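J.: Can you look at this prediction? I've put the sequence above it.
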Amino acid sequence: MHLLVTGANGQLGQCLADQLVAQVIPHTLLSRQDADINDTVVLERIIADKAVTAIINAAAYTAVDKAESEPELAQRVNVDGPAALAKLSARFDIPLLHVSTDYVFDGNQQRPYVETDAAVPVGVYGQTKLDGELAIQRHATKYIILRTAWVFGEYGNNFLKTMLRLGKERDTLGVVADQIGCPTYAGDIAKALITIARQLHDGDGEDNAKYGVYHYVGDEAVSWHGFAVAIFAEANRMGVLAKVPIVNAITTEAYPAPAKRPGVSVLSTAKITEDYGLGASKWRVALLCILVSCL
Ligand SMILES: NC(=O)C1=CN([C@@H]2O[C@H](COP(=O)(O)OP(=O)(O)OC[C@H]3O[C@@H](n4cnc5c(N)ncnc54)[C@H](OP(=O)(O)O)[C@@H]3O)[C@@H](O)[C@H]2O)C=CC1
Ligand SMILES: Cc1cn([C@H]2C[C@H](O)[C@@H](COP(=O)(O)OP(=O)(O)O[C@H]3O[C@@H](C)C(=O)[C@@H](O)[C@H]3O)O2)c(=O)[nH]c1=O
């Protein structure tokens, strides 16, 4: 087995790197500086030279608000790039494991979304991620599209780090309480992707029933306000923050932003548990571990 990871310098990419080293799995890490995911010629050479057995694509355009004013760039990274990787997956007959988002849904459903529910994005980022999924489905057969949500961890930019920064700067914060989702630890996503890659490899990748779209998120739904309250409570308990700010629950209208976001984007993880034996990310446990050891 030899795994090729794109987006290696991102929040998830760095967790993948840690896990691949910890599990002693042969791999090649590619940051954007090493190779753009649209650069088929370079990628083709690497796949052949290293005898790559699966690609994990952690590269993406993830600036949700900025995407509204940069749709072409978001399209290039989130649609054209995955399409190029899917063609390489087909040419070399190796699986492509790709990461997508809860933002492909409109968030108007009152029960957890399953993989077959209609995806109707409400913003440019979500639309490009959905178009990326469709491009992969068009060009590859051996693909895993792992939809996750509200990713946080020790690396990169995320809501946890934003809250800790704002908590130091301000006495009072307003955080939206009418958007509900499932926080997911980036390290757990990395482990899930590697578990899937291993199982596909050990099964020679011929078990077609195991390819397709999967949801993988945290085990408890909360609002962004609820997530912020949990972050500050734990940070204070762990001594990371000497004082906690007052966190007011506000509506989406009271926090104007360029991009519209889904209301309730809770995803069901039943399918990934059934097919791959993976339990949902225990986000409160992960939050505690990160605060204790990593920040
Ligand atoms: N963050 C979140 O809350 C969520 C993320 N996801 C999905 O998870 C995946 C990983 O996200 P996350 O790690 O948070 O994202 P990051 O933004 O932290 O990382 C993305 C990485 O992709 C790289 N990249 C951008 N464009 C290109 C390109 N053209 N070629 C090669 N590399 C490129 C970036 O490089 P550079 O560092 O140079 O900019 C960056 O290192 C994405 O598919 C995202 O859509 C899904 C749900 C929630
Ligand atoms: C900083 C801040 C944000 N908010 C709101 C804005 C927004 O509705 C919500 C989350 O803010 P963020 O901009 O950090 O999160 P956002 O970039 O929307 O997060 C999304 O990223 C992409 C990549 C995904 O795929 C999604 O799953 C999701 O994680 O919290 C407040 O209400 N108060 C605040 O002080």
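T.: Received it, and whenever you're ready, just let me know what you need. Residues are numbered from 1 along each chain as shown. Ligands and ions are numbered 1, 2, ... in the order given.

J.: quick one: stretch 41-52 near ligand 1?
T.: No. Where contact is defined by C-beta under 6 Å from any ligand atom, no part of stretch 41-52 touches ligand 1; the two come within 10.0 Å at best. For glycine as for every other residue, the C-beta is placed from the backbone atoms N, C-alpha and C.

J.: residues in contact with that stretch?
T.: 2-4, 28, 30, 35-37, 55, 84-85, 88, 91-92, 94 (C-beta atoms under 8 Å, 6 or more residues apart in numbering).

J.: Of those residues, which pair is most distant in space?
T.: Using C-beta to C-beta, the pair of the contacts of stretch 41-52 lying farthest apart is His2 and Asp36, separated by 20.9 Å.

J.: For Ala67, give me phi and psi.
T.: phi -60, psi -30 (degrees, to the nearest 10).

J.: mind listing what the closest residue to ligand 2 within the stretch 101-250 of the chain touches?
T.: When distances are taken as C-beta to the nearest ligand atom, the stretch 101-250 of the chain reaches nearest to ligand 2 at Thr101, 3.5 Å away. Thr101 makes contact with Tyr125, Gly126, Lys129, Arg147, Thr148, Ala149, according to C-beta under 8 Å, 6+ apart.

J.: Who is the fifth one paired with across the strands?
T.: Counting by DSSP bridges, Thr148 is bridged to Thr101.

J.: rewinding a little: filter the contacts of stretch 41-52 by proximity to ligand 1?
T.: For ligand 1, the contacts drawn from those by C-beta under 6 Å from any ligand atom are Asp36, Ile37.

J.: List only those of the contacts of stretch 41-52 flagged as buried.
T.: For the contacts of stretch 41-52, a neighbour count by 16 or more other C-beta atoms under 10 Å gives the buried set as 3-4, 28, 30, 35-37, 55, 84-85, 88, 92, 94.

J.: and which of those residues is nearest to Tyr211?
T.: Compare each of the buried ones among the contacts of stretch 41-52 with Tyr211 using C-beta to C-beta and the shortest gap goes to Ile94, at 12.1 Å.

J.: Can you give me the separation between that closest one and ligand 1?
T.: Distance of Ile94 to ligand 1, given as C-beta to the nearest ligand atom, to the nearest Å: 18 Å.

J.: ditto for Arg284
T.: When distances are taken as C-beta to the nearest ligand atom, Arg284 and ligand 1 turn out to be 17 Å apart.
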